[in-house]
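In: Sharing a model prediction with you, sequence too.
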Amino acid sequence: MIEIIFLGTGSMTPTKQRNHSGMLLKYKSEYILIDCGEGIQRQLRVADISPTKITKVLITHWHGDHVLGLPGLLQNLAANKYQQTLEIYGPKGSKKNFKNMFSWFENKSFIKTKVTEIKSGFFYKDPEYKLQALPLKHSIPCLGYSFVESDKRKIN
């Protein structure tokens, strides 16, 4: 069963009721975080979800209200002995932006990450589901994402 948890639906200015952008898609053992605005760790706590369950992060674009929660999240994962390599997907420029963002910090005790830049089309496939990116019109490179569950019925 697929579950979508809205962690933040606000824009660049949060309100008392709405946090910066973030959404969590739960599917079996996968926990896919879409954007990681400031305050996402707190929102995960409110939703009673351990950040260490996150398996992938999909970045729509590199505006601060969509990514400035990443450094704190990765430090939290490191402090909690996250053992996986966190897969991070984003639009063109994501590798450079990710590297630049994390160059700001003295504490380099982060987790293993793999940043992949994508354009459009299917970029992740496994037997259970696949992920697709589509370019969106925005002031900077921006992607929308689709989660496609694999067909379950086999008819002969």
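Out: Happy to help now that I have it. Residues are numbered from 1 along each chain as shown.
In: I'd guessed His138 sits against Pro91; true?
Out: No - taking contacts as Cβ atoms under 8 Å, His138 lies outside contact range of Pro91: 9.5 Å. The way it works is simple: take the backbone N, C-alpha and C, and place the C-beta from them, glycine included.
In: what is the residue positioned nearest the centre of the chain paired to in the beta sheet?
Out: Centrality entry for the chain: nearest residue to the mean C-alpha point is Val57, 2.4 Å, by Cα atoms, centre = their mean. With DSSP bridges as the criterion, Val57 is bridged to Leu33, Ile88.
In: And it, how close does it get to Leu86?
Out: To Leu86, Val57 is 7 Å away according to Cβ to Cβ, to the nearest Å.
In: that older thread, dump the residue contacts of the residue nearest to the centre of the chain.
Out: Contacts for Val57 (Cβ atoms under 8 Å, 6 or more residues apart in numbering) come out as Ile32, Leu33, Ile34, Cys36, Leu70, Leu86, Glu87, Ile88, Tyr89.
In: give the contact list for the fifth one.
Out: This means Leu70. Cys36, Val57, Phe98, Met101.
In: With the first one instead?
Out: Contact partners of Ile32, counting by Cβ under 8 Å, 6+ apart, are Leu24, Leu25, Lys26, Ile54, Thr55, Lys56, Val57, Leu58, Leu131, Phe147.
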